[in-house]
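Enquirer: Got a sequence here, can you build the structure:
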Amino acid sequence: MSSSTNAAHHDHHHMSFWQKYIFSVDHKVIGMQYFLTGILMGCIGAYMSYVFRMQLAFPGKEVPFFGLVTTAEYNSLITNHGSIMIFWFAMPVLIAAFGNFLIPLMIGADDMVFPRINRLSYQIFLLSVVILIASFFVPGGGFGGAWTAYPPLSAKAEYSLTPWGSTLWLVAVALEFVAFLLGGINFITTLMNARAKGMKYLDIPIVLWMIVIASILFMASVGPLVAGAIMLIFDQTIGTGFFDPARGGDPVLWQHLFWFFGHPEVYVVLLPAMGIVAEVMTTFSRKKLFAYKTVLFTTIATGVLSFFVWAHHQFIAGIDPRMANIFTVTTVLISIPIAEMLFVYIATLYGGSIRFTTAMLFALAFLATFLIGGVTGIFLGASGADIYFHDTYFVIAHFHYTFVPIAVIAVFAGVYYWFPKMFGRFMNETLGKIHFWGTFIPFNTIFLPLFFTGAAGDHRRIFTYANFPQLATPGLQDLRIIATLSVVTVILFQFVFFFNFFYSMFRGAKAGRNPWNANTLEWVAPSPPPHGNFEVFPEVYRGPYEFSVPGRAQDFWPQNEKA
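Expert: Residues are numbered from 1 along each chain as shown. Predicted coordinates for the structure are as follows:
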């Protein structure tokens, strides 16, 4: 790394609290706004899971901190839990928060290319949050037609118990999509045009490639669903019949529009998580990323393939069985590049000098749990097996073994890793390890039992199994209770994280510029980075070392400073 002779020029006039923290155009502040809002919504989603799991474990009894759960409330809790955790927790934290914070810092830029559009993106996202929360308080309560919003439960007021709630839910989703379209434009443009002098495309850290490819996937796939959402709003409000068979519509059309977006969406949140894990593992194993180019090209191939697998969600929706065979093949094919990336990560660890920090423990847990999710997905990708497993708790368990590693475990790995850069202080490692084990162990005792209940025929979205004697066997109910108590345990251990986070923000041990001896450009900036990030803009060059690795330490650190 060579320092530019021209210092970065930024306007350092005094800013009020509102200018600095509420209406800021600083990418780091906007990233933290996304992070804190996403975490708040994640807490709401977790609370909902606690309530409906308590209903399933102890049906007909009052739930502490909630009361008696009605059928309408149960449906609303199930629906909004799924919606919040995907659209208002995983996406804002993994893409918007980490993307905003990391992209300018890791490419040696002072900010996003379009800082005001960046601010507008968060403001629209916040408006979507307000509308979603408001939907719980309209007549009929929050939307209860499942997070996939299948017609007719979402299309006709006479079928929906929550006509106002469903419309507000759709508006909130549409606004959230607009926010991420604006953010995606910023991410792509910034990465392509604002890199430090000398930084080539293959010098870009893999986490940034994965965030930007995820943004491209989102932008390419969301159009049909936005069109479908507008049609669905028209069905709800002005009586059109796009999805109503009685008026010549087709409810399966919505499924196609939704899942054409919905399956690439899996990789929209997966890729940033895998990028975060890659950065953590390379730092704490003291090794370069094994096969950087292979991972990059595999990521691109995964994105392309993700557009050809959507109908495996519709194997029992009445699609042509010959098409089901095609989508079975593409589903198996897309598992190959993901498995390849996981084995590349394992190869990165092999022979490394591993430090078991809290961040590294979460990164390793991501590999272990996501592999379980991937393997169990093969059952559901086969159309014959899916006929039996469809809409059972086997699907729930599989989905959470893919989604929780992405949206929770990888997020924690990233927070513990970049916290010193964000705030200039360390999080407490002892509390971090308590939080890790208190999250990892009960997570497995939540969802491993659900594989067995699902294989036994437990159907999802059932309010009480007392109405289904064939499913209410004592053995299955015991497993439901174990899963529910594990949910409570996981939630309780998150208070350890919140205490550690906010206490360490002000009282944690101070951290220098590069406390982990890491090797990407954000560690050149002060901790925490000031407005403008760098005292002088960094330049990237390839030093006289034995080998040259894309985006790694020998490209950035002078000989006398290289860790």
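
Enquirer: And the closest residue to Leu476 other than its chain neighbours, which helix or strand is it part of?
Expert: Leaving aside its chain neighbours, Leu476 sits nearest to Thr453 (5.2 Å; criterion: Cβ to Cβ, 6 or more residues apart in numbering). All C-beta spots, glycine's among them, are computed from the backbone N, C-alpha and C. In this assignment (DSSP states H and E), Thr453 forms part of helix 429-455.

Enquirer: Which parts of the stretch 151-300 of the chain are helices?
Expert: Remark: helices assigned in the stretch 151-300 of the chain by DSSP state H, counting those that start in this stretch are 163-193, 206-237, 251-284, 292-305.

Enquirer: Remind me what the helix holding Thr453 packs against, helices and strands.
Expert: When contacts are defined as 3 or more Cβ pairs under 8 Å, 6 or more residues apart in numbering; DSSP states H and E, helix 429-455 packs onto helix 358-381, helix 393-404, helix 410-423, helix 474-507.

Enquirer: Pull the shortest one out as CSV, backbone CA atoms only.
Expert: Listed next in CSV are the C-alpha coordinates belonging to helix 393-404 (Å, rounded to 0.1, in the frame of the first residue of the first chain):
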residue,chain,number,x,y,z
TYR,A,393,-42.1,-29.8,9.5
PHE,A,394,-39.3,-31.5,7.6
VAL,A,395,-39.4,-28.5,5.2
ILE,A,396,-39.4,-26.1,8.2
ALA,A,397,-36.3,-27.9,9.7
HIS,A,398,-34.5,-27.9,6.3
PHE,A,399,-35.3,-24.2,5.7
HIS,A,400,-34.1,-23.1,9.1
TYR,A,401,-30.9,-25.2,8.8
THR,A,402,-30.1,-23.1,5.7
PHE,A,403,-31.6,-19.8,6.8
VAL,A,404,-30.4,-19.5,10.4
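
Enquirer: Mind listing residues that contact it?
Expert: Outside helix 393-404, the residues that touch it by Cβ atoms under 8 Å, 6 or more residues apart in numbering are 85-86, 90, 266, 269-270, 369-370, 372-374, 376-377, 379-380, 389, 443, 446-448, 450-451, 453-455, 458-460.

Enquirer: Tell me the buried residues within those.
Expert: When the contacts of helix 393-404 are checked for burial by 16 or more other Cβ atoms under 10 Å, the buried set is 85-86, 90, 266, 269-270, 369-370, 372-374, 376-377, 379-380, 389, 443, 446-448, 450-451, 453-454, 458.

Enquirer: and Ala194, how many neighbours does it have?
Expert: Number of residues near Ala194 (other Cβ atoms under 10 Å) recorded here: 17.

Enquirer: Start at 37, not 1
Expert: With 37 as the first residue, the last one maps to Ala230.

Enquirer: Not including adjacent chain positions, what is the nearest residue to it?
Expert: Looking at Ala230 with Cβ to Cβ, 6+ apart, the closest residue is Ala145, at 4.1 Å.

Enquirer: Also Leu162?
Expert: Thr73 is the one closest to Leu162 (Cβ to Cβ, 6+ apart), at 6.5 Å.

Enquirer: re earlier: is it possible to export the helices of the stretch 187-336 of the chain to JSON lines including mean pLDDT?
Expert: Output for the helices of the stretch 187-336 of the chain, formatted as JSON lines (pLDDT from 0 to 100):
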{"stretch": "helix 199-229", "mean pLDDT": "92"}
{"stretch": "helix 242-273", "mean pLDDT": "92"}
{"stretch": "helix 287-320", "mean pLDDT": "93"}
{"stretch": "helix 328-341", "mean pLDDT": "93"}
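
Enquirer: Looking at those, which one is packed in the most?
Expert: Counting by mean count of other Cβ atoms under 10 Å, helix 287-320 has the highest mean neighbour count of the helices of the stretch 187-336 of the chain, with a mean of 24.

Enquirer: Would you mind giving the orientation angle of the helix or strand where Ile374 lies with respect to helix 287-320?
Expert: Under the criterion of DSSP H and E, Ile374 resides in helix 357-385. In terms of direction (axes from the mean of the first three to the mean of the last three Cα atoms, to 10 degrees), helix 357-385 departs from helix 287-320 by 10 degrees.

Enquirer: per-residue confidence averaged over helix 357-385?
Expert: Throughout helix 357-385, pLDDT has a mean value of 89.

Enquirer: The residue nearest to Ala230 against Met228, yeah?
Expert: No: between Ala145 and Met228 there is no contact under Cβ atoms under 8 Å: 11.4 Å.

Enquirer: Return the set of buried residues in stretch 424-439.
Expert: Neighbour count says stretch 424-439 has 425-426, 428-439 buried, by 16+ other Cβ under 10 Å.

Enquirer: still on that earlier bit, show me what contacts the residue nearest to Ala230?
Expert: Applying Cβ under 8 Å, 6+ apart, the residues near Ala145 are Ile139, Thr226, Ala230, Arg231, Ala232, Asn569.

Enquirer: Can you tell me the SS state at it?
Expert: At Ala145 the chain is in coil, as set by DSSP: H, G, I helix; E, B strand; the rest coil.

Enquirer: Please tell me how far it sits from Glu558.
Expert: Per Cβ to Cβ, to the nearest Å, Ala145 is found 11 Å from Glu558.

Enquirer: wait, isn't Val61 in contact with Asp146?
Expert: No: assessed by Cβ under 8 Å, Val61 is found out of contact with Asp146, at 11.4 Å.

Enquirer: quick one: low-confidence parts of the protein?
Expert: Along the chain, segments meeting pLDDT under 70 span 37-50, 192-198, 506-508, 578-599.

Enquirer: switch the cut-off to 80
Expert: 37-57, 191-199, 354, 357, 502-511, 577-599 (pLDDT under 80).

Enquirer: Let's check: the centremost residue of it is which one?
Expert: Ala126 (2.9 Å; Cα atoms, centre = their mean).

Enquirer: Without its sequence neighbours, what residue ends up closest to that residue?
Expert: Spatial nearest neighbour of Ala126, chain neighbours left out: Ala443 (3.8 Å); criterion: Cβ to Cβ, 6+ apart.

Enquirer: Brilliant, that's me finished.
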